[in-house]
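Colleague: 3D model of this:
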Amino acid sequence: MVSNKGYALSLEQRQTDLVRSVVEALVADGREPFRPGDVVSRLREQNQPMGTWEVRGALSRLEAEGTIVLDPASASWRMAEARSRKAG
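Modeller: Take a look at the predicted model:
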């Protein structure tokens, strides 16, 4: 029997990497703070649509690794300070 577990992890990592690149592009374009909808819109423009919940999951993974931080008061995200990002 073949397991799909490896496939799921690689798909999750691909989504996270894709969202990371979009977030970096948004910030480079001066769109900080940003919201999940900004990421979804940019992905559609790039002809790589993802659902809002998939993007939100990727944002949570990026937050867990210290790349971005959430401002709960405004429900918007921003890049983490370089010194506070986790190595790896």
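
Colleague: buried stuff in the lengthiest helix in the chain?
Modeller: The longest helix of the chain (DSSP state H) is helix 5-28. By 16 or more other Cβ atoms under 10 Å, the buried positions in helix 5-28 come out as 15-16, 18-20, 22-23, 26-27. The C-beta positions use only the backbone N, C-alpha and C, and glycine is treated the same way.

Colleague: Check stretch 58-76 too.
Modeller: Applying 16+ other Cβ under 10 Å to stretch 58-76 flags 58-59, 61-62, 67-69 as buried.

Colleague: Pull up the distance across that stretch, start to finish.
Modeller: 14 Å (Cα to Cα, to the nearest Å).

Colleague: State the next helix or strand along the chain beyond the lowest-mean-pLDDT helix or strand in the chain.
Modeller: Scoring the helices and strands of the chain by mean pLDDT, DSSP states H and E places helix 5-28 at the bottom, with a mean of 89. Where DSSP states H and E defines the elements, the next helix or strand beyond helix 5-28 is helix 36-45.
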